[in-house]
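> fold the following.
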Amino acid sequence: MISFYIDSATQKAHLVIFDRERVLGSKTVPVGPLAKEDLFVERESLMKECGVDSKNLSFVGIGVGPGSYTGIRVASSIGATLAYSLSIPLITINSMEGYSYKTPFVTVFDAKRGKVYL
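Residues are numbered from 1 along each chain as shown. Modelled structure (predicted):
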């Protein structure tokens, strides 16, 4: 069960390909003005590096924050487009839970203005 996960709610976007709970590959890229176009290219690159064809994906996961509203929209549009084009499920994952999955650590995001998301 191979899946693709994208999260761009923070200042860097994270793309991960899983086979069940095993990470096959991941990329972290800065989010800039051309984030959407860059992330499509990075996704393709990651898929090739992992030897995974999009047609083999079981589902697509997207991080839905908390975080940058624009970043969340970017990940949502990429994830939704991919899932729709492949006729596979699209699931949403709380970004903080995604980052701290199976770790003993607490996830903290910069909420700007001297505040944090815990």
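> now residue 6: how far from residue 26?
Distance of residue 6 to residue 26, computed by CB to CB, to the nearest Å: 11 Å. Bear in mind the C-beta positions are built from the backbone N, C-alpha and C, glycine included.
> list residues touching both of the two?
14-16 (CB atoms under 8 Å, 6 or more residues apart in numbering).
> pretty sure residue 3 is touching residue 59, no?
Yes - with contact defined as CB atoms under 8 Å, residue 3 counts as touching residue 59 (5.2 Å).
> just the ones in helices from the shared contacts of residue 6 and residue 26, please.
Among the shared contacts of residue 6 and residue 26, no member is found in helices (DSSP state H).
> ok, so of those residues, who is nearest residue 108?
Nearest to residue 108 among those: residue 14, at 15.7 Å, using CB to CB.
> hang on, that closest one packs against residue 26?
Yes - using CB under 8 Å, residue 14 is in contact with residue 26, at 6.8 Å.
> okay, these two: which has more neighbours?
More neighbours surround residue 14 than the other of residue 14 and residue 26, with 19 against 14 (other CB atoms under 10 Å).
> so for that one, what's the nearest residue that isn't a sequence neighbour?
With sequence-adjacent residues excluded and distances taken as CB to CB, 6 or more residues apart in numbering, residue 14 is closest to residue 7, at 4.8 Å.
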